[in-house]
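# Take a look and give me a structure for this.
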Amino acid sequence: MDASKKVDLKIIIIGALGVGKTSLLHQYVHKTFYEDYRTTLGASILTKVLAVDSTPLKLQIWDTGGQERFRSMVSTFYKGSDGCMLAFDVTDRESFEALDNWRDDFLEKVPKETASAWCKEKDIPYFEVSAKNNINVAEAFETLAKQALSTYKGIFESYLTDSIKLTPNDKPKQSCC
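Next up, the predicted model:
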């Protein structure tokens with residue numbers, strides 16, 4: 001794969017209402033944090049250009065609404081995603097429990113060890129992030145971008161490997177008259 005060619009990746013952020021999905025996105029893209037955000041209705045999209053392993057990337061990051069009434073709409077945004085960030089509030093155990101299916105409401109505290117073990121079991125990187133204090137925000141997005149790029153490259157290279165070869169591998173057969 002040509003490292004100088006820019007790769008477009010679609011990343012989607014999902015999780016329960018109020019866990020900070022919009023805060024994470026704005027901290028990562030704009031380096032800003034606001035105390036109050038309006039509830040995301042459906043989805044909002046921001047982009048960020050960066051380089052991962054000398055490959056230029058354009059991340060199209062979808063911030064989705066966490067309200068129950070948006071669940072069926074949000075699932076339509078999954079199509080074409082190259083990566084998914086699951087977000088929960090460490091002070092809200094139910095938001096953590098909702099990660100398995102993103103189905104339940106939330107309101108208790110979740111220990112780091114439980115979340116870390118859940119991620120390890122599912123082979124998912126675990127980050128504790130703070131949009132307010134800009135802690136691990138870039139690291140979380142860039143780890144996801146690296147994994148999405150790796151998957152993208154694997155699919156791209158598989159596509160090239162499985163394509164039809166236009167030059168024969170065998171020597172032409174000799175015929176005699």
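
# switch to C-alpha atoms for all contacts and neighbour counts from now on
OK.

# which stretches of this protein have low pLDDT?
Scanning the chain for pLDDT under 70 picks out 1-4, 41-42, 68-75, 101-109, 111-115, 118, 156-177.

# Tell me where it has strands.
Counting by DSSP state E, the chain has these strands, from start to end: 7-15, 43-52, 55-64, 83-87.

# Surely residue 28 touches residue 139?
No - contact criterion C-alpha atoms under 8 Å: residue 28 and residue 139 do not qualify, at 9.4 Å.

# With neighbour numbers in mind, choose between those two.
Remark: of residue 28 and residue 139, residue 28 carries more neighbours, 22 against 13, as counted by other C-alpha atoms under 10 Å.

# residue contacts, that one?
131, 137, 138, 141 (C-alpha atoms under 8 Å, 6 or more residues apart in numbering).

# what does residue 57 give?
Residue 57 sits next to 6, 7, 8, 9, 49, 50, 51 when contact means C-alpha under 8 Å, 6+ apart.

# Please repeat the previous calculation with a cut-off of 7 Å.
By C-alpha atoms under 7 Å, 6 or more residues apart in numbering, the contact set of residue 57 is 6, 7, 8, 49, 50, 51.

# swap in residue 5?
Applying C-alpha under 7 Å, 6+ apart to residue 5 gives the contacts residue 56.

# residue boundaries of the helices in this protein?
21-30, 71-77, 93-97, 112-121, 137-161 (DSSP state H).

# Can you report how many residues lie near residue 149?
With other C-alpha under 10 Å as criterion, residue 149 counts 21.

# quick one on the thing from earlier: could you dump the strands of the chain to a markdown table with distance to residue 77?
A markdown table is the format used below for those (distance: least, C-alpha to C-alpha, whole Å):
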| stretch | distance to residue 77 |
| --- | --- |
| strand 7-15 | 8 |
| strand 43-52 | 8 |
| strand 55-64 | 8 |
| strand 83-87 | 11 |
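
# Tell me how far residue 93 lies from residue 29.
The gap separating residue 93 from residue 29 is 27 Å, by C-alpha to C-alpha, to the nearest Å.

# Same check on residue 6?
Using C-alpha to C-alpha, residue 6 is found at 18 Å from residue 29.

# Next: residue 37.
15 Å.

# Please identify which of those two sits among more neighbours.
Between residue 37 and residue 29, counting by other C-alpha under 10 Å, residue 29 is the more crowded of the two (16 against 11).

# Tell me who's in contact with that one.
With contact taken as C-alpha under 7 Å, 6+ apart, residue 29 is in contact with residue 48.

# cool, and residue 151?
Applying C-alpha under 7 Å, 6+ apart, no residues contact residue 151.

# Please report the distance of the closest residue to residue 141 other than its chain neighbours from residue 117.
The shortest distance from residue 141 to any non-neighbouring residue, by C-alpha to C-alpha, 6 or more residues apart in numbering, is to residue 28 (7.7 Å). Residue 28 sits 26 Å away from residue 117 when distances are taken as C-alpha to C-alpha.
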